[in-house]
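Engineer: no letters, just coordinates:
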DNA sequence: AAAATATGCTTAAACGTTTAAGGATGCAAG
DNA sequence: CTTGCATCCTTAAACGTTTAAGCATATTTT
């Protein structure tokens, strides 16, 4: 049961493959195809259940109608949701999506980029890993369209979609301040990635603006690769000091989840002993005995924007880059307690 | 900056493209290429940073080295994890993965199958939606290699990877029985899908074997599409009856999460008032104030098996189908309480 | 010395499309 | 009755590979 090709249709209709191609790609007008024969060709195509061979089409056109997506880890619901909206949106535009997970590792990410480019993707949507600047510059040198999502590098002039991480973090901390928390800690990843830096900056500026001493730092970091140990250490440091923290702001959902696991283990009561606030939502935070207040990133908007910007870049190479910054919303639950 | 092709290398080396192809695909032996010239060709290829065009290769070979993956919803961590292992494993075998989410909807799933086939995937890994039997039969008729994962249809003879859902459910219920629970309810999806049926069967047989009256049923169902409302109703029915349930077995993680949200809302205390057990793990269950006992599906094993079986089927079309059934493990936490 | 075989390379077709260029026919205008 | 111009269709090349077949030349076998 071989696949039906243009040639099969052409033979059946007694015409050349060219004519069939013109008709089936709706170029009858330009190619001045007769109405009768066009109808006949369509008829036969339908009858034989013709499905175009995208591979052949791609080879000829130099375009694959495929997008490459590189996320840190597709099994993390944050990225899963991004992937979901990107795939949906791509499909709406007749694109398919190939994906890979970089594990926040620049080398892996580089491998993935190469694999995807060999598959002739028309463009890439990337959550870049720390230290992947060089790769991106190479992409630029090769004129490969790409869009960064979730983070970017300030000194690389490329299109990107992010949320306003600075404002988001500030909102979070100010919420804690309004709730009367005195010693507000933050736990972030140990990384120079811009989105995390911005969240740190938002945290620090919020404290300063409201006259909190930025003296002895309550900003702790954990390594992505040693999350568990570093997290326990960070929390221990925050809670065992003489000036024990009475609130913790987690920079991402994965940090919050790991942190709360340990906080549970230590039997610390939220929100009485400790207020909690985090970036990103996830079921786990809903289900926590004290539902966690969080900064929401509008993932569907981000995903749609990423696809839109990428396709624009593919179709209008000289359009110039685009920086999209979307606002976050603070979703108040119970983990920061009442005013006191 | 055009891409480097075989022809460019051939020109640079002063030979034909055929020779270059032979060398770069390591067919020097069969093609009896001279050592000198082979070395030279390799040298030039490296210098020009040649990257083969997979599209062209695919067109010629009729193989795309691409797998299509259809899951219910990539943003669900269960499927995200499946996708993750499948992608990793595929990459190890020089395959890439295109994916799509069916939302448990047969029509969407059918669309996806068509899209992926048009992209000339070499095979498919599918979590089939309810009512998609016809699609699968069509795939069989077209001789498209595919492997089902997570579920299958007993009356369709196709390769599949599942866990032993029957035993898993039985283990879960027997655990509840050992803990002395008397009125054990179950909440599952309203579906005829086999994995869910098997879990229901495990539940029922466990009860029967241990002499529980299967009289008035404590097995409730919820629609995937109306999860929230149906879940609340189910739980209300289980808990408001005169013979109030003292344990609930959830058939999947999404059911457990939705269920626990409502249980929290109603302020029911786990495990004292109600024991909880579920299929599948997720962060949310870890983080619950009373960590939830669950039946673990070995996702990495499943993913790897799926890729292995699919590639076998692609490479040895007459190998015959394979049914892989993997054991689950019961992971005991605290949500079923102590013996009483 | 002729025939057979080995060696090292090229030619050319093929995969399924797309599309510029061209050819054949009919018809109106000169 | 030519010329010009639509109209409708075909030819053929191209995209970047792979690979069977062929063609010299050199070497071995008989």
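Structural biologist: That came through, no problem. Everything numeric here is computed off the predicted structure, so don't read it as measured data.

Engineer: domain-wise, how is chain A divided?
Structural biologist: Per automatic domain parsing, the structural domains of chain A span A:6-52, A:64-163+A:299-326, A:165-297.

Engineer: residue A:204: helix or strand, and which one exactly?
Structural biologist: Per DSSP states H and E: residue A:204 is located in helix A:194-209.

Engineer: so which bits of that helix are buried?
Structural biologist: For helix A:194-209, a neighbour-count test (16 or more other C-beta atoms under 10 Å in any protein chain shown) marks A:194, A:195, A:196, A:197, A:198, A:199, A:200, A:202, A:203, A:204, A:206, A:207 as buried. (Each C-beta comes from the backbone N, C-alpha and C, glycine too.)

Engineer: list the contacts of the helix or strand following that helix.
Structural biologist: Next in sequence after helix A:194-209, counting helices and strands by DSSP H and E, comes strand A:219-222. Strand A:219-222 is contacted by residues A:185-191, A:200, A:203-204, A:230-231, A:233-234, A:237-238, A:255, A:258 when judged by C-beta atoms under 8 Å, 6 or more residues apart in numbering or on different chains.

Engineer: strand partners of strand A:219-222, parallel vs antiparallel please.
Structural biologist: If you go by DSSP bridges, strand A:219-222 pairs up with strand A:184-189 (parallel).

Engineer: how many other residues sit next to residue A:105?
Structural biologist: 18 (other C-beta atoms under 10 Å in any protein chain shown).

Engineer: these two touch, right, it and residue A:129?
Structural biologist: Yes. Look at residue A:105 against residue A:129 with C-beta atoms under 8 Å: they come within range, at 5.8 Å.

Engineer: show me where chain A has helices.
Structural biologist: Taking DSSP state H as the test, the helices found in chain A are A:6-13, A:17-24, A:28-31, A:35-47, A:54-61, A:77-92, A:106-118, A:133-141, A:165-178, A:194-209, A:227-240, A:253-265, A:283-287, A:299-315.

Engineer: would you list those helices in JSON lines and tack on mean pLDDT and distance to residue B:331?
Structural biologist: As requested, the helices of chain A are exported to JSON lines (pLDDT from 0 to 100; distance: least, C-beta to C-beta, whole Å):
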{"stretch": "helix A:6-13", "mean pLDDT": "96", "distance to residue B:331": "56"}
{"stretch": "helix A:17-24", "mean pLDDT": "96", "distance to residue B:331": "55"}
{"stretch": "helix A:28-31", "mean pLDDT": "88", "distance to residue B:331": "63"}
{"stretch": "helix A:35-47", "mean pLDDT": "95", "distance to residue B:331": "54"}
{"stretch": "helix A:54-61", "mean pLDDT": "95", "distance to residue B:331": "44"}
{"stretch": "helix A:77-92", "mean pLDDT": "97", "distance to residue B:331": "20"}
{"stretch": "helix A:106-118", "mean pLDDT": "94", "distance to residue B:331": "30"}
{"stretch": "helix A:133-141", "mean pLDDT": "95", "distance to residue B:331": "40"}
{"stretch": "helix A:165-178", "mean pLDDT": "97", "distance to residue B:331": "34"}
{"stretch": "helix A:194-209", "mean pLDDT": "96", "distance to residue B:331": "33"}
{"stretch": "helix A:227-240", "mean pLDDT": "96", "distance to residue B:331": "18"}
{"stretch": "helix A:253-265", "mean pLDDT": "94", "distance to residue B:331": "15"}
{"stretch": "helix A:283-287", "mean pLDDT": "90", "distance to residue B:331": "17"}
{"stretch": "helix A:299-315", "mean pLDDT": "97", "distance to residue B:331": "30"}
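
Engineer: okay if I get those as CSV plus distance to chain B?
Structural biologist: Below are the helices of chain A laid out as CSV (distance: least, C-beta to the nearest C-beta, whole Å):
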stretch, distance to chain B
helix A:6-13, 14
helix A:17-24, 13
helix A:28-31, 22
helix A:35-47, 14
helix A:54-61, 5
helix A:77-92, 4
helix A:106-118, 5
helix A:133-141, 7
helix A:165-178, 20
helix A:194-209, 20
helix A:227-240, 12
helix A:253-265, 5
helix A:283-287, 4
helix A:299-315, 9
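
Engineer: and of these, who's closest to residue B:175?
Structural biologist: Nearest to residue B:175 among these is helix A:283-287; the distance by C-beta to C-beta comes to 21.4 Å.

Engineer: what helices or strands is that closest one leaning on?
Structural biologist: In terms of contacts (3 or more C-beta pairs under 8 Å, 6 or more residues apart in numbering or on different chains; DSSP states H and E), helix A:283-287 is packed against helix A:253-265, helix B:253-265, helix B:283-287.

Engineer: repeat the analysis, applying 6 Å as the threshold.
Structural biologist: Applying 3 or more C-beta pairs under 6 Å, 6 or more residues apart in numbering or on different chains; DSSP states H and E, one finds that helix A:283-287 makes contact with helix B:283-287.

Engineer: and the contacts of the helix it packs on?
Structural biologist: Under the criterion C-beta atoms under 6 Å, 6 or more residues apart in numbering or on different chains, residues A:257, A:260, A:283, A:284, A:287, A:288, B:257, B:292 lie in contact with helix B:283-287.
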